[in-house]
Structure formats: structure tokens, C-alpha cells
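Novice: need the 3D shape of this:
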Amino acid sequence: MTVTISPLAHVDPRAELGCNVVVGPFCLVGRQAIIGDDCVLHSHVAVVGNTVIGQRNRFFPNTVIGGEPQDAGCRGSDTRLLIGDDNVFREGVTVHRGARKEDHTTRIGNGNMLMANSHVAHNCHVFNNVFLVNGVLLGGHVHVHDGAIVSGNSVVHHFSTLGRLSFVSGGSRVPHDIPPFMLAAGSDNPTVRTVNVVGMQRAGIHESTIRVIKSAHRLLFRQKRSLDDVRKTLLNELSDVLPLELTCLLDFVERQQNGRMGRAREALHFSQGTSSNQKRSNAAEDISGSIPGGRVQTGRGGSDEASQRRAA
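Specialist: Predicted structure coming up:
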């Protein structure tokens, strides 16, 4: 149960390192860093600022974790970055700590893969089992829900939300929310093309639920029927017993329609006189909700709630 630190690395004596942490040559670990057990920092890794890292994370060369946010209003504020367990940060990844907005925190959940040269900006929340492929750029305040995949060289506009098990094709400019379980494609302003069937199957979601999501996709995105009409139609077809995944999709679309410029959480950006606590409460709604008048059937595939390691 030892910590291995290369003599060519600089670790501030006030930093907290767990058991079996490996710090390779030319790494920098700042005074506020807390690094959990079994983490590996390969060479040329910087962990700075108020950064709390869980267990078994791997950081490849030239990653910068916890850097100051690229926000014009930032004046050296003591904001923070929270990272969970079992994440991989490949070469050149940058993750900035939060700006003094929302709850001042950037969050990375568990089991995520951030591939080479991807960037997570201030106040983002990357949930669990997310793939950010090479060169992906997340603007500030972006939420990426469980199991989503963002393909290479795509850029996501600030305050956008990518739903659970959504898929964004490569080289896309994403200026709006992408609903859960949907596959979006198009280099500029991508549109929903089909259901991410492969992703749902890999997540263990039952085939009957996938068929229901396909029906919802057809009604919403092909026939362009109103959300109320779609809700009533599916409630009738399913005898008021709705799979959790369908609840997730319909609630997500409703919040998106009630937002601004195709982004549910953009309303937070423009809201006036709303307290920080209210904003945090509203933001949390994009991972929960229920269908009025319908019973929720819990199936396989879990929920959108992320298990986050919090600073004490």
C-alpha cells in the first residue's frame, strides 16, 4: 500500500494521495488535489486547483485536470472539479473546474472514456459510461447523460443536454439537446435520424421496450405529431403502463420544448431573479420526472442518476 512518485515529478506536500497511486515523471500535482486509491498518472499530467478524484482513474500524457475555467468572469475563484471512479483520460484531454455559476462545480462520473484531445469545459456534468471520442469539445454547462457517445471532432454548444444512450455522429456541430436513445447525424445542426438500437441492446434494455421507443420516434420525429398527442396515443396503446425509458424520452422532449433555442437548460441561463438553489433544483430535473396520468414500469437499463463522489 505505497505511493510511487517519480523523482522527476512535483507533488505539493499538501496534496492528498491514496494507496497505490502512481505519479510518473514530469507530472504536477497541486496543493488542493485529492487523488483516490489506485490512480495512475502517466508522464506529463497536471492535476491542479480544487480537484477531487476517485479511485482507479488513469491519466495519460499531457492531460490537464482541474485547470482554471476559460470564462471571462473568472477571477481566480476557488471552484472545484469532482471526478468519480474508473475513468480513462487519454492523451491531451483537458477538464476545467467550475466557474462561479450554478453550483461552481464540474463533474465527471464513473466509467467514462475521454479520448485524445477531448475537452470538458467549466460546469459540465458528464455522467457515467460516456464516450467522448477524439477531439470532442463540450462547451460550458453541458450535461451528457449515462451511456451517451459523442463521435470524433464534434462540438457541443453550452447548456446543451445529451440524453441517456444518445449517439452523435462524427464532425457534428450540436447547438441543441439530443433526446435519449436517439441517433443524431448531420455536420451542421444534426437532426434525429433513428433510434440507437445497438446502444439500447448493449445496455440490456428489453426488445419490447426498444419497440416502444421506435414507435415514439416515429410519432415524434417522422410524423411530427404534438407531444400531447404522442403521449395520449402511447398511453392508450400501452394501457397506461409506460416503460421507464419512454417516460425518460417524453419528459426530456417536453423540457426541451419548454426551453430556449432547443436547449432545456438554456432557460436557466436567461432566467432572472432565480436563486442558485432553485437553479440547481431545476437542473436536476433533466435526469428525473414522471408521466402525468401514467404508471411507470421499471425495466432493465437503469436510470439516469449518476453516482458522484463528493468532496467532504
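Novice: what is the three-state secondary structure of residue 214?
Specialist: Classification of residue 214 into helix, strand or coil gives helix, according to DSSP: H, G, I helix; E, B strand; the rest coil.
Novice: any stretches of the protein with poor pLDDT?
Specialist: In the predicted model of the chain, residues 1, 76, 270-312 satisfy pLDDT under 70.
Novice: for it, which helix is longest?
Specialist: Identified as the longest helix of the chain according to DSSP state H is helix 244-257.
Novice: packing partners for that helix?
Specialist: The elements that helix 244-257 packs onto, with contact taken as 3 or more Cβ pairs under 8 Å, 6 or more residues apart in numbering; DSSP states H and E, are helix 207-217, helix 227-237, strand 295-297. In short, each C-beta sits where N, CA and C put it, glycine included.
Novice: need the winner for burial among these.
Specialist: Scoring the helices and strands packed on helix 244-257 by mean neighbour count under mean count of other Cβ atoms under 10 Å gives helix 207-217 as the most buried, with a mean of 17.
Novice: and the contacts of that helix?
Specialist: The set of residues external to helix 207-217 that reach it, using Cβ atoms under 8 Å, 6 or more residues apart in numbering, is 181-182, 192, 194-195, 197, 200-201, 230, 234, 237-238, 243, 245-246, 249-250, 299-301.
Novice: check these for burial and list the buried ones.
Specialist: Among the contacts of helix 207-217, those classed as buried by 16 or more other Cβ atoms under 10 Å are 181-182, 192, 195, 200, 230, 234, 238, 243, 245-246, 249-250, 299, 301.
Novice: closest to residue 53 among these?
Specialist: Comparing the buried ones among the contacts of helix 207-217 against residue 53 with Cβ to Cβ picks out residue 301 as the nearest, at 28.2 Å.
Novice: buried residues in stretch 20-33?
Specialist: Within stretch 20-33, the residues scored as buried using 16+ other Cβ under 10 Å are 20-24, 26-30, 32-33.
Novice: so which of those residues are in strands?
Specialist: When those are checked against strands using DSSP state E, the ones located there are 22-23, 28-29.
Novice: now the two most distant members of the buried residues of stretch 20-33.
Specialist: 20 and 32 (21.4 Å).
Novice: what about the helices in this protein?
Specialist: Secondary structure of the chain (DSSP H): helices at 197-202, 207-217, 227-237, 244-257, 266-270, 276-284.
Novice: any idea which of those gets closest to residue 48?
Specialist: Between residue 48 and the helices of the chain, the shortest separation by Cβ to Cβ is 25.1 Å, and it involves helix 276-284.
Novice: distance of the nearest residue to residue 153 once chain neighbours are set aside from residue 118?
Specialist: With sequence-adjacent residues excluded and distances taken as Cβ to Cβ, 6 or more residues apart in numbering, residue 153 is closest to residue 135, at 4.2 Å. Distance of residue 135 to residue 118, computed by Cβ to Cβ, to the nearest Å: 6 Å.
Novice: looking at these two, which one has more neighbours?
Specialist: The neighbour comparison of residue 135 against residue 118 (other Cβ atoms under 10 Å) goes to residue 118, with 25 against 19.
Novice: hang on, isn't the more buried one packed against residue 131?
Specialist: No. Look at residue 118 against residue 131 with Cβ atoms under 8 Å: they stay out of range, at 9.7 Å.
Novice: can I get the ones in strands among the buried residues of stretch 20-33 in CSV with distance to residue 68?
Specialist: Converted to CSV, those look like this (distance: Cβ to Cβ, whole Å):
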residue, distance to residue 68
22, 26
23, 22
28, 14
29, 16
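Novice: if we only consider those, which is nearest to residue 143?
Specialist: Nearest to residue 143 among these is residue 29, at 28.4 Å by Cβ to Cβ.
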